[in-house]
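1. Everything below, folded, please.
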Amino acid sequence: MFRPRSMRQVEILLLRRDLAASLRALAAARIIHLYRLEAGSAEKQGVLAEEEDLLAGYREFIGRVDRLLEGRAGESAVGRILEPLDFPAWAAWAADLQGQLGALRDRQRQLQRCRLRLVAIDLFLRRLRLVEGAFATLANLRLSCLRLGLLPTTALAELATLPGGCRVYPLARLGNQSLIAVLGLRRQEQPLERSLNHLAFYRIPLFRRVQGTLGDVAGRIHRLRARLHRRQRQLHRKVEGLLRAHATLLRDRRYTVAVEMQLLEQQREFGYTRRTVAIGGWVPARRFKELQNLLQQTCHGRFQIRETAARGDETPVLIFNPRLLRPFQKILAAYGVPTYREIEPTPLLAFGFMLLFGMMFGDLGHGLVLIVAGLAVRRWSRWRDEGLIMSEVGCFAALFGVLFGSVFGWEGLFHPLWFSPLADIPLLMGAALAVGVGLITAGMLLRVVNGLRQEAARVVLTDRYGVAGIGFYLGSLVLGYLVYRSVLAPGILALLVLPLAAVFFHPFTEQREKGETPAYLLCAEGFIEVIETILGFLANTFSFLRVAAFGLAHVGLSLAVFALAEQAQQLPLGLFFAGLVHLLGNLVILVLEGLIVSIQAVRLEFYEFFGKFFRGGGIRFRPLALDPLAERRF
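-> Okay, here's the model as predicted:
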């Protein structure tokens with residue numbers, strides 16, 4: 001805790017013939033975070049040129065499999081890695097399967113177009129069911145032109161632009177398309193065609209050689225639609241059967257090729273000579289021996305490895321915490337990743353979050369509900385980390401509920417071990433300020449520790465969140481207490497001038513790091529630093545009064561629930577409605593106020609605590625892996 005895993009920076013030199021086996025073993029172990037090497041740039045360009053054709057083949061294969069599995073969600077996500085990889089044979093097999101499925105799907109599309117044509121003509125004939133005559137006459141008009149087809153529904157209003165004398169007959173709406181029939185004069189056929197094409201009209205031609213009356217043709221179309229439907233179902237079963245027979249193999253081969261492509265692309269980061277490959281990366285110090293053993297097994301001693309202690313901010317960060325604190329790493333990730341030389345603040349974040357939540361949501365009954373709900377979420381859902389956080393903050397809420405003597409808002413069940421928030425508001429406000437002072441001071445102490453690791457001591461001494469800031473803040477607290485006790489302390493007031501003077505000269509200490517800046521600008525910046533220090537600490541401290549405010553709001557909401565329940569008891573079935581009010585009211589408190597209190601706890605920690613010492617900007621440890629979706633505990 002408090003520090004990332006210790007890292008070793010390694011450079012590995014091995015023969016090119018051992019690269020594939022070694023890389024696969026390193027990826028399977030998820031042991032090394034790679035960085036880019038430029039050694040042997042000429043040879044490297046040659047290797048990359050050789051690999052480009054193979055990468056193109058891999059991409060084509062993956063795209064082909066994705067098209068084959070089109071519409072089958074999840075089939076191409078994750079599979080098994082197959083050995084050995086016979087890519088030419090796999091590519092030929094996928095192409096042959098694509099040909100078979102392509103022919104079946106082309107036939108499906110043809111049948112779908114034919115069925116659409118029959119549906120449109122059938123709907124058209126239904127509008128003419130009272131008309132007698134031959135269908136051939138309708139399909140071969142001489143003095144008029146008839147157009148049947150689909151038009152985007154949004155374009156219906158634009159049909160007014162058709163040539164004069166044209167009549168439009170809406171027939172049906174099919175999804176976002178409208179089936180219409182347009183009747184116009186033969187001499188207006190070409191202008192009508194141009195207008196309809198401009199409106200994205202999809203024409204459905206009538207059958208010109210079909211004999212019989214309109215009623216006979218309608219009956220034949222109905223029977224033909226049934227036959228087409230049966231044929232479509234047969235084709236669908238063939239396609240699904242073919243996919244079911246090959247789906248597992250498609251998924252596994254696609255996944256194997258995707259992993260191989262990932263490893264091949266990763267080789268762009270390596271350095272190359274004629275016969276050797278140089279690999280650079282970071283390895284957790286505790287696993288360095290494992291790295292050596294893996295290389296010994298795959299290279300049979302034909303390798304060299306050089307290791308150094310990782311020190312720079314470019315070193316990736318591998319955070320490790322006990323199981324109970326590990327879920328809070330997600331909250332930390334929302335703010336940033338610490339650099340390798342920074343304090344890893346997950347334990348502090350977890351304790352501060354639970355403490356603030358407990359003070360604002362202190363109730364034994366609500367805390368126990370949160371514990372049970374969190375355990376249920378962790379046990380029966382995929383939100384395991386969130387469930388654990390819910391249970392842990394529930395423990396602190398229950399603890400403060402015992403201290404405050406509150407059970408579902410009722411304060412008469414037992415005597416509080418500390419005090420009742422509603423009965424002693426000044427004490428609640430003082431406790432909130434005390435927590436704020438503790439977090440702010442801890443943040444500045446951590447700033448000193450981080451600063452001494454990363455910067456010159458003179459910068460830390462004069463920083464408003466460093467030694468000078470600590471001196472001013474603690475001195476201000478002592479001065480405020482003495483004034484509260486009506487004790488004059490001119491000596492303390494004089495001592496506050498020293499840290500403020502140090503803060504004023506902070507821009508001058510940073511000047512030696514950043515370059516030349518005019519003195520008058522540095523003086524102006526120093527004056528602004530002093531003003532921000534005074535006002536900032538004042539605002540930061542009193543910002544924690546919101547902890548007391550939300551603690552009182554929790555009590556107030558509970559009292560409101562009790563008041564409503566008393567009113568409900570006056571109604572018929574009063575006990576039932578009173579119980580319902582208690583149930584719904586406490587549910588609202590748990591969900592709504594619990595969410596608001598969580599947001600406020602995070603806000604206070606991020607802005608009033610983390611802002612003092614946490615720089616962030618670190619790089620998360622991402623090891624080379626065969627399966628990037630899998631998690632491994634280091």
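
2. what's the domain layout of this protein?
-> The chain breaks down by automatic domain parsing into domains covering 7-81+254-317, 110-231, 322-420+548-611, 425-542.

3. okay if I get those as CSV plus mean neighbour count, mean pLDDT and distance to residue 246?
-> Quick note: C-beta positions are derived from backbone N, CA and C, even for glycine. Output for the domains of the chain, formatted as CSV (neighbours: other Cβ atoms under 10 Å; pLDDT from 0 to 100; distance: least, Cβ to Cβ, whole Å):
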stretch, mean neighbour count, mean pLDDT, distance to residue 246
domain 7-81+254-317, 16, 84, 8
domain 110-231, 14, 84, 23
domain 322-420+548-611, 18, 91, 30
domain 425-542, 16, 85, 57
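
4. what's the closest of these to residue 240?
-> Nearest to residue 240, of all the domains of the chain, is domain 7-81+254-317, at 9.1 Å by Cβ to Cβ.

5. How far off centre is that closest one?
-> 26 Å (Cα atoms, centre = their mean, to the nearest Å).

6. go on, stretch 207-224?
-> Distance of stretch 207-224 from its chain centroid, counting by Cα atoms, centre = their mean, is 57 Å.

7. Over to stretch 520-538?
-> Mean C-alpha position of stretch 520-538 versus that of the full chain (Cα atoms, centre = their mean) differs by 39 Å.

8. now what about it, what contacts it?
-> The contact list for stretch 520-538, computed with Cβ atoms under 8 Å, 6 or more residues apart in numbering, reads 440, 464, 469, 472-473, 476, 500, 503-508, 511.

9. quick one, which of the domains of the chain is nearest to residue 90?
-> Of the domains of the chain, nearest to residue 90 by Cβ to Cβ is domain 7-81+254-317, at 6.9 Å.

10. Now do the top helix by length along the chain: which elements does it pack against?
-> In the chain, taking DSSP state H as the definition, the longest helix is helix 214-266. Judged by 3 or more Cβ pairs under 8 Å, 6 or more residues apart in numbering; DSSP states H and E, helix 214-266 is in contact with helix 19-29, helix 41-68, helix 87-127, helix 135-139.

11. Out of the contacts of stretch 520-538, the closest to residue 15 would be?
-> Distances from residue 15 to the contacts of stretch 520-538, taken by Cβ to Cβ, are shortest for residue 511, at 52.1 Å.

12. Return the distance of that closest one relative to residue 467.
-> Residue 511 sits 19 Å away from residue 467, going by Cβ to Cβ, to the nearest Å.

13. Also residue 584?
-> Separation of residue 584 from residue 467 (Cβ to Cβ): 54 Å.

14. and if you look at residue 615?
-> For residue 615, the distance to residue 467 (Cβ to Cβ) stands at 18 Å.

15. cool, and residue 422?
-> Residue 422 is 41 Å from residue 467, by Cβ to Cβ.

16. do the same with residue 257
-> Per Cβ to Cβ, residue 257 is found 58 Å from residue 467.

17. Repeat that for residue 508.
-> In terms of Cβ to Cβ, residue 508 sits 16 Å off from residue 467.

18. do residue 36 as well
-> 39 Å.

19. Same list (the contacts of stretch 520-538) but as a markdown table, adding distance to residue 540.
-> Output for the contacts of stretch 520-538, formatted as a markdown table (distance: Cβ to Cβ, whole Å):
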| residue | distance to residue 540 |
| --- | --- |
| 440 | 6 |
| 464 | 11 |
| 469 | 11 |
| 472 | 12 |
| 473 | 9 |
| 476 | 12 |
| 500 | 16 |
| 503 | 15 |
| 504 | 20 |
| 505 | 22 |
| 506 | 18 |
| 507 | 21 |
| 508 | 25 |
| 511 | 27 |
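
20. That's all I had, so thanks and see you.
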